[in-house]
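Q: Need the 3D shape of this:
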Amino acid sequence: MIRLPRAVRRRVPHIALTLLLTAFCLAQSADPAREQGLQLLEQGRTTLEDNALANARDHFTKLTEQHPDNVVYFYDLARVNAYRCEAYAAHGDKKKAEGALDEAIANVQQSLKLNEKSADAHSLLADLYGRKISFGVGMFAGPKFGPKIKVENNRAQELDANNARVFASLGRQYLNAPKMFGGDVDKAIENFRKSIQLDPKYDQTFVWLGIALRKKGDAAGAEQAFKDALVLNPRSVFAKQTAENKK
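A: Below you'll find the model as predicted:
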């Protein structure tokens, strides 16, 4: 049993003492192995460098092998492979990009098998299905994966209606879908803004907001969104490349 020093117990009211004990227990239950992996992931998603992402992939792959029932490790590995997909795509290697994407889908599906009630995982899977459409032939990939995107995002909303990732994924759904299949730039912007309100420190959502504003024709708003992203993460390759792409 964890006990605080007697002097502290005498001076702290019962409710406050309970909160202190809870905080202390949470600190003691931290996962150093995951924290190390998340640092590698953060470096990889920021720089999109092959070595950084390969290190993150190897780290979380090892953790999933050592702890095959750990939901979070599979979710983190899915995120790593999703960024590997983006890195390969940026280098023009479509084959490796699709391979990394398929790995990411398998990882997050395994996460959901272990815990179906993860809004984050459902939103990530929706995003991955959307990426599948971008690599496929529109007339075939869209009808196959479009409905799956909606199912995953709907489930994510049911599980957590105040989740920044859920709103960001919905924004990408509205942004990337053809108008005849529910695409709506205004709704995309609305959802990105809601996501930012919930998590104002996640730089990538500002980039997506900028993409949506640019698509709407708001060049000044888009430029500001990209600037905001780079203030939060000055090294972000995604933000820099997107801001430089005037199309």
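
Q: contacts and neighbour counts: CA atoms only from here.
A: Noted.

Q: could you pull out the strands for the protein?
A: Using DSSP state E, the strands of the chain do not appear at all; there are none.

Q: which intervals of it have sub-threshold pLDDT?
A: Where the chain drops to pLDDT under 70, the residues are 1-29, 137-139, 246-247.

Q: dump the residue contacts of the nearest residue to Arg193 once chain neighbours are set aside.
A: Closest residue to Arg193 apart from its sequence neighbours, by C-alpha to C-alpha, 6 or more residues apart in numbering: Leu209 at 7.3 Å. The contact partners of Leu209, taken as C-alpha atoms under 8 Å, 6 or more residues apart in numbering, are Ala188, Ile189, Phe192, Arg193, Ala222, Ala225.

Q: In TSV, list those residues along with neighbour count.
A: Output for these, formatted as TSV (neighbours: other C-alpha atoms under 10 Å):
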residue	neighbour count
Ala188	26
Ile189	24
Phe192	28
Arg193	21
Ala222	23
Ala225	25
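
Q: Including distance to Ala30, could those go into a markdown table?
A: Formatted as a markdown table, the contacts of Leu209 follow (distance: C-alpha to C-alpha, whole Å):
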| residue | distance to Ala30 |
| --- | --- |
| Ala188 | 36 |
| Ile189 | 36 |
| Phe192 | 31 |
| Arg193 | 31 |
| Ala222 | 38 |
| Ala225 | 34 |
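
Q: Buried residues, stretch 130-145. List them.
A: Gly130, Arg131, Lys132, Ile133, Ala141, Gly142, Phe145 (16 or more other C-alpha atoms under 10 Å).

Q: Quick check: the third one touching Ala141?
A: Yes: counting by C-alpha atoms under 8 Å, Lys132 sits close enough to Ala141 to count as a contact (7.2 Å).

Q: follow-up on the earlier one: any chance of the buried residues of stretch 130-145 in TSV, plus distance to Ser169?
A: Below are these laid out as TSV (distance: C-alpha to C-alpha, whole Å):
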residue	distance to Ser169
Gly130	10
Arg131	12
Lys132	15
Ile133	15
Ala141	19
Gly142	17
Phe145	15
